[in-house]
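Asker: Next one to model:
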Amino acid sequence: MKNLAGQALSIAGLAAHLGHGVRRVTTDAVVGGRLGLPRTVEDVDAGVLSKVLGTTVRSVRVLDRDAGTSSRARLVLTGKDVPESVFVKVAAKTAATRLMGELGRLGQTEVRFYNQLAPQLTGLPYAYGAAFDSWTGRYLLVLEDLPTESCEFPDTLHPISPDQAGLIVELLADLHAAFWDRLPRDGRGPLGWLYTPSGDVTSMLTGSLMHASMKRLAERSPFPVDNGRFIADNYRAVAALIDTPPHTVMHGDAHPGNMYFHGGKAGLLDWQAVRRGHPSRELAYTLITSLTPEDRRATQRDLLDDYRRALAAAGGPDLDRDDLWLRYRQSALYGYVAPLITAGMGGMQVEGIAMEGLRRGVAALDDLETVAALQSSL
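Answerer: Purely as a prediction, here's the structure:
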C-alpha cells in the first residue's frame, strides 16, 4: 500500500509538472511578443540590452548564432561602457523544444544559478545580466563572450587529456567545496530550489526511455547497448542509491562539450542542469564522457585522489578513498544512461558525438562492474 501511495503521488507530481510546462508554452503562444522577454535572438535589441546591462546600448549586430535546447548568439555591441561583444541565450524557437526545456527547468535553473550561485565561483563566463519570466518561461542570459582565438573548446570527438581532466576535477572540487554543508534538508531557504536528479518527477520516465533507446539502437549500434538493462528495470531505486547524502551543488552536465580551457585553467559552460547530489555522480559522468576509455582506466584512481585532496584543500571534507571509489563505480550508471537516451531518442546531438559518448558509457559500465556494484548495495 505504501509503495502504491508513493507511486500515485509521483504520477500526480509528474502530471502537475507537465501541465505547468504546457501552460507556460501556451501562454507564450497567446501573448506573443507583447509581454515577457525576447522570443528570438533577433528580438534582443539595444533597448532590451540597455535594461539588462543597466547602461546605454546604441547598436546590436548578430555575429553568429546556433540552436539547441536554447537559442544562442554572439552579438557585437556599441554604446556607453558596454562590452564589445556578448554571448546571449534565450528560449528555444519551437514549442516542442521549449516544452522539453520546461520539463528540465533549463532556463529557470540557469538564471537562478547565475543570479544566486555564480558570484561565489570562478571558472565560468561572467554574467552581465540574467532574467526569467515566470508566466511564459522565457529567459535571457547575457554572458561574457569567451575569446575563441585563445580558448580551447573540446567535444566528445576530441576528448580531453588526462592533464586537462586534472584541471577539471580541481575545478569541480572548488565548486563542491563552496556549497558543502550549505544545502537545506527540508527544501526551504534560498537554495531550497536545488533537487537531486532522482528526486525529479521526470525520472519516472527514464526507465521507459532507456528501454525504448535500447530497442532503437539494437540493430544499428556496432557495440552492445543493453548491458545496463538492470538499470533500466530498476532505475528509480538505483538513482536514489547514488543520490544518497552527503550532498553539494553539482554542475550536472559537465561533459566535454560544456568545457573550455584558457590560460592553463579550466572552465565550465551551460549551467542549466545544476542539481544537488553526491560528488561521485558528477565525477563519474565527467570522466567517462571526457576521456577515452583507455585514458580513463589508466588515470581515474589518481584523478579521484587529486579530487579528494583538492576538495579538502578548498574547505570541503576529507572523503574516504574506498567509499568514493565504490560510489564512483555505482555512479557510472549516469555516464551510461544519459548518452543512451541521447543517442536513442536522436535530435539532441550530432549522431557521431552521441554514439561515441554511448560507446564510452558502455565501456565504463563493463570495466567498473557497475551493475554488480549496484546490486550489492540495494
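
Asker: in its sheet, what does whatever helix or strand residue 88 lives in sit against?
Answerer: If you go by DSSP states H and E, residue 88 is part of strand 85-91. Pairing partners of strand 85-91, with direction, according to DSSP bridges: strand 70-79 (antiparallel), strand 139-144 (antiparallel).

Asker: and residue 293, which of the ones you listed is closest to it?
Answerer: The closest of those to residue 293 is strand 70-79. By CB to CB, the value is 30.8 Å. (Each C-beta comes from the backbone N, C-alpha and C, glycine too.)

Asker: ranges for the strands of the stretch 101-250 of the chain?
Answerer: Ranges of strands in the stretch 101-250 of the chain, per DSSP state E, counting those that start in this stretch, are 127-132, 139-144, 248-250.

Asker: if I pick the residue nearest to the spatial centre of the chain, what's in contact with it?
Answerer: What sits nearest the mean C-alpha location of the chain, by CA atoms, centre = their mean, is residue 253, with 2.9 Å. By CB atoms under 8 Å, 6 or more residues apart in numbering, the contact set of residue 253 is 270, 272, 273, 285.

Asker: For the residue lying closest to residue 193 once chain neighbours are set aside, list the residues it contacts.
Answerer: Spatial nearest neighbour of residue 193, chain neighbours left out: residue 112 (6.3 Å); criterion: CB to CB, 6 or more residues apart in numbering. Under the criterion of CB under 8 Å, 6+ apart, the neighbours of residue 112 are 132, 193, 274.

Asker: can you tell me how far residue 112 sits from residue 44?
Answerer: Applying CB to CB, to the nearest Å, the value for residue 112 to residue 44 is 20 Å.

Asker: again, but for residue 226
Answerer: Using CB to CB, residue 226 is found at 45 Å from residue 44.

Asker: Those two: which has the busier surroundings?
Answerer: Neighbour count, other CB atoms under 10 Å: between residue 226 and residue 44, residue 44 has more, with 25 against 17.

Asker: My guess is that one contacts residue 72. True?
Answerer: No: in this structure residue 44 lies outside contact range of residue 72 using CB atoms under 8 Å: 10.9 Å.

Asker: so what sits against both of these two?
Answerer: Shared contacts of residue 44 and residue 72 (CB under 8 Å, 6+ apart): 88, 90.
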